[in-house]
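Engineer: here's my sequence, what's the structure:
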Amino acid sequence: MRRRLAEGLAVLLSVASLGAGAASGPSSLEAAKVTQPLVNQTSGHKRKTNSPKSKAYQVGTASWYGDYFQGKTTASGEPFDMRDFTAAHPSLPLGSFVKVTNLRNGKAVVVRVNDRGPVVDGRIIDVSYNAARALGFKERGVQKVRLDLYRPTDMALLQPVAKLN
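Structural biologist: Now for the predicted structure:
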């Protein structure tokens, strides 16, 4: 139970930080990914950063799943909860985090891969009901998305809370 609470909190914090970053412009992490010429203060010479350009892991069609699968066991062994920010992917390791960006409206969420799928040919990921709602394609059912691997920097939030005795 505590682990589930910690994972939920981690996802909530990730989503909140994505929303805050979108409202205030690019975050320092996003700014570091952009290759810009930097001016050396002493010599005035321009130099480029060595940051590689961000490359999408995958681009394709996403769908969502919800009520019909609610409570059923996922590939990871945990029960499916359509209110969690989770997803089914055919090959990413279970427990991986993926940033899913709706290419139609620019909305993005971070989901945790806890299931296998999608079972429909031509789709690259199935997201939970809540993730689809946040991405703005619940009504459409399917949407073209971009997937980026997401590595949380603070893995402590994902670890079980130690018992205090």
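Engineer: now the closest residue to Lys138 other than its chain neighbours: phi and psi?
Structural biologist: Closest residue to Lys138 apart from its sequence neighbours, by C-beta to C-beta, 6 or more residues apart in numbering: Ala132 at 4.5 Å. Using the backbone N, CA and C atoms, a C-beta is placed for each residue, glycine as well. The phi/psi pair for Ala132 (degrees, to the nearest 10) reads phi -60, psi -40.
Engineer: what separation is there between Ala132 and Arg151?
Structural biologist: Distance, Ala132 to Arg151, using C-beta to C-beta, to the nearest Å: 23 Å.
Engineer: between these two, which has more neighbouring residues?
Structural biologist: Ala132 (27 against 7; other C-beta atoms under 10 Å).
Engineer: list the contacts of that one.
Structural biologist: Ala62, Trp64, Gly66, Lys138 (C-beta atoms under 8 Å, 6 or more residues apart in numbering).
Engineer: do I have it right that the second one meets Glu139?
Structural biologist: No - under the criterion of C-beta atoms under 8 Å, Trp64 is not in contact with Glu139, lying 10.4 Å apart.
Engineer: looking at these two, which has the bigger crowd around it?
Structural biologist: Using other C-beta under 10 Å, the more surrounded residue of Trp64 and Glu139 is Trp64, with 24 against 7.
Engineer: from Arg151, how far off is that one?
Structural biologist: For Trp64 relative to Arg151 (C-beta to C-beta), the value is 24 Å.
Engineer: show me what Asp115 is bridged to.
Structural biologist: Per DSSP bridges, the residues bridged to Asp115 are Ala88.
Engineer: per-residue pLDDT, it?
Structural biologist: The model reports Asp115 with a pLDDT of 97.
Engineer: distance of it from Ser128?
Structural biologist: From Asp115 across to Ser128, the span is 9 Å (C-beta to C-beta).
Engineer: next, show the common contact partners of the two.
Structural biologist: Common neighbours of Asp115 and Ser128 (C-beta under 8 Å, 6+ apart) are Phe80, Thr86, Ala87.
Engineer: now the nearest residue to the last one once chain neighbours are set aside, what's its secondary structure?
Structural biologist: Spatial nearest neighbour of Ala87, excluding adjacent residues (C-beta to C-beta, 6+ apart): Val111 at 4.2 Å. Taking DSSP: H, G, I helix; E, B strand; the rest coil as the rule, one finds Val111 in the strand state.
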